[in-house]
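Engineer: take this sequence and fold it.
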Amino acid sequence: MDISSLKEAIPEALYTVLLQQKHQELRPCQEKALGKGLLAGKNLLVCTPTGSGKTLVAELACTNAILTRRGKAVYIAPLKSLASEKYKQMTSRYGQLMRVALSIGDMDASDPYLAEYGFIITTSEKLDSLIRHGTPWLKEVAVVIIDEIHLLNDPGRGPTLEILITILRKILKDVQLIGLSATIGNPKELAAWLGAELIIDHWRPVELKKGIYFDGELVFDESHRSSEPVSESVRQDRDKKHKI
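Structural biologist: Presented below is the predicted three-dimensional model:
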């Protein structure tokens, strides 16, 4: 799907930024997410390989909600370091369109200044603290992104994340939840729990091959080649990366 197909579906300012970032064609998981209601507020669980385009799925949902005044967007990162990295990325890409904030600090602070920001990047522990402090702007949240949602199974972080998602669904009746992960063992069950459409795709920018090396010879198992259809421009881009 060519990026021009989004021209009438998203705000003009956002479309212009995407063109500036040299997005020419949507990747398979992005196309599937749009077809499943990404811009219509549907809950989604996106299970695709690293580098397959999950980040843009999240960015489209968040920026579209903010620019169309549906509400704020919250991006939950699993670690403070990843939250800081995501903040730098989002500020660089969309800082001219909206105010982006990073909230990962004092767990005893309610951070009232966040009421002035549309795009808020945080961790599950910090968001849990904000909820417990009765942060008034939470009712304005329209989209919540849960990055690395497979950490629900983590003994340390999992319980906090599970409770947090449960509370968000209770206090924000119309919130759009989007879970992102490359490694989920039970995607159908998790999607059902989230009340989400399941997006599964195996395309990756650099093809992953499985093979055996023995006695100086490397033999690849052709049965593990991806059968997902890709466009010509995506195929050419992948071939270039193979040659590097």
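
Engineer: quick one, domains of this structure?
Structural biologist: Using automatic domain parsing, the domain ranges for the chain come out as 26-204, 206-244.

Engineer: nearest residue to the middle of the chain?
Structural biologist: Ala58 (3.5 Å; CA atoms, centre = their mean).

Engineer: for that one, what are phi and psi?
Structural biologist: phi -60, psi -40 (degrees, to the nearest 10).

Engineer: my guess is it contacts Leu177, does it?
Structural biologist: No. Taking CB atoms under 8 Å as the definition, Ala58 is not a contact partner of Leu177, at 11.3 Å. From N, CA and C alone the C-beta is placed, and that goes for glycine too.

Engineer: ok so, going back, which one of the domains of the chain has the poorest average confidence?
Structural biologist: Least confidently modelled of the domains of the chain is domain 206-244, at a mean of 62 by mean pLDDT.

Engineer: what distance do you get for the residue of the chain positioned farthest from its centre to Asp221?
Structural biologist: What lies farthest from the middle of the chain is Asp215; by CA atoms, centre = their mean that is 43.2 Å. Separation of Asp215 from Asp221 (CB to CB, to the nearest Å): 17 Å.

Engineer: ok, now which ones touch the residue nearest to the centre of the chain?
Structural biologist: By CB atoms under 8 Å, 6 or more residues apart in numbering, Ala58 lies in contact with 75, 145, 147, 178, 180.

Engineer: likewise Ile145?
Structural biologist: Contacts of Ile145 by CB under 8 Å, 6+ apart are 58, 61-62, 73-76, 178, 180.

Engineer: also Thr183?
Structural biologist: So Thr183 contacts His150 (CB under 8 Å, 6+ apart).

Engineer: can you verify it is assigned to a helix?
Structural biologist: No. Using DSSP: H, G, I helix; E, B strand; the rest coil, the assignment for Thr183 is coil, not a helix.

Engineer: against Asp2, how distant is it?
Structural biologist: Taken as CB to CB, the span from Thr183 to Asp2 is 30 Å.

Engineer: would you agree Asp174 is in contact with Ala142?
Structural biologist: Yes. At 7.5 Å, Asp174 and Ala142 qualify as touching, with contact defined as CB under 8 Å.

Engineer: Tyr15 contacts Gln21, correct?
Structural biologist: No. The pair Tyr15 and Gln21 does not pass the contact test of CB under 8 Å, sitting 10.9 Å apart.

Engineer: who has more neighbours, these two?
Structural biologist: Taking neighbours as other CB atoms under 10 Å, Tyr15 and Gln21 compare with Tyr15 leading, 17 against 14.

Engineer: for the residue nearest to the more buried one when sequence neighbours are not counted, the count of nearby residues, please.
Structural biologist: Nearest residue to Tyr15 in three dimensions, chain neighbours excluded: Lys7, at 5.5 Å (CB to CB, 6 or more residues apart in numbering). Residues near Lys7, counting by other CB under 10 Å, number 13.

Engineer: again with the one 10 residues further on
Structural biologist: Val17 sits with 18 neighbouring residues when counted by other CB under 10 Å.

Engineer: any idea how far it lies from Cys29?
Structural biologist: Look at Val17 and Cys29: by CB to CB, they are 20 Å apart.

Engineer: just Gly195 next, same as before
Structural biologist: Here the criterion is CB to CB. By it, Gly195 lies 20 Å from Cys29.

Engineer: out of these two, which sits in the more crowded spot?
Structural biologist: The residue with more neighbours, out of Gly195 and Cys29, is Cys29; 24 against 11, by other CB under 10 Å.

Engineer: how far away is that one from Gly53?
Structural biologist: Distance of Cys29 to Gly53, given as CB to CB: 5 Å.

Engineer: what's the answer for Ser103, then?
Structural biologist: Separation of Ser103 from Gly53 (CB to CB): 26 Å.
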